[in-house]
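>>> 3D, please:
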Amino acid sequence: QVQLVESGGGLVQAGGSLRLSCAASGRTISTYTMGWFRQAPGKEREFVAGINWSGQSTYYADSVKGRFTISRDNAKNTVHLQMNDLKPEDTAVYYCAASSLPYIPNYYEQRRYAYWGQGTQVSVSS
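Residues are numbered from 1 along each chain as shown. Below is the predicted model of the structure:
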């Protein structure tokens, strides 16, 4: 079993930055595909970014491409999401997710991820 705990959320003004972290425990995630998803009030949970086991393959939702960067530190069993130029529409609860597969063809498919964190709130004011 893998337990995931997100941190780094908060309130920020539009144009600001935040760095989310996801700490994994229970087993190493060095061979896992990792992803970030988010859910805004009244909306379905949506894909934000994904990264394969080595970090050499990343994938982003069009809405965050060029502003967000996903990265991982396998030695520390952590994954990060650097969010720059935040917009009010980025306001959501952000979730970290893990798939035991080292690579998945479609990072955005939520059913590929077996493990989920509890989420961290990100609020962007205009």
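>>> now the residue nearest the centre of the chain, what's its secondary structure?
Closest to where the C-alpha atoms of the chain average out (C-alpha atoms, centre = their mean) is residue 36, at 2.2 Å. What DSSP: H, G, I helix; E, B strand; the rest coil gives for residue 36 is strand.
>>> Check the gap between the residue nearest to it when sequence neighbours are not counted and residue 10 for me.
In space, and not counting its chain neighbours, residue 36 is closest to residue 48: 4.3 Å by C-beta to C-beta, 6 or more residues apart in numbering. No exception for glycine: its C-beta is placed from N, CA and C like everyone else's. Per C-beta to C-beta, to the nearest Å, residue 48 is found 17 Å from residue 10.
>>> Could I have the CA atoms of the helix or strand hosting residue 98 written out in CSV?
In this assignment (DSSP states H and E), residue 98 forms part of strand 92-99. C-alpha atoms of strand 92-99 as CSV (Å, rounded to 0.1, in the frame of the first residue of the first chain):
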residue,chain,number,x,y,z
ALA,A,92,-9.3,23.8,-6.7
VAL,A,93,-8.4,21.0,-4.4
TYR,A,94,-5.3,19.4,-5.8
TYR,A,95,-4.8,15.7,-5.5
CYS,A,96,-1.7,13.5,-5.9
ALA,A,97,-2.1,10.1,-7.5
ALA,A,98,0.0,7.0,-8.1
SER,A,99,-0.1,4.2,-10.5
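>>> Mind listing the strands that strand pairs with, and their directions?
Paired strands of strand 92-99, with direction, are strand 33-39 (antiparallel), strand 115-116 (antiparallel), strand 120-125 (antiparallel) (DSSP bridges).
>>> Helix or strand next in line after the first one, which one?
Next in sequence after strand 33-39, counting helices and strands by DSSP H and E, comes strand 46-51.
>>> list the buried ones in the next helix or strand after that next one?
Following strand 46-51 in sequence order, the next helix or strand is strand 58-60 (DSSP H and E). Across strand 58-60, burial judged by 16 or more other C-beta atoms under 10 Å covers 59, 60.
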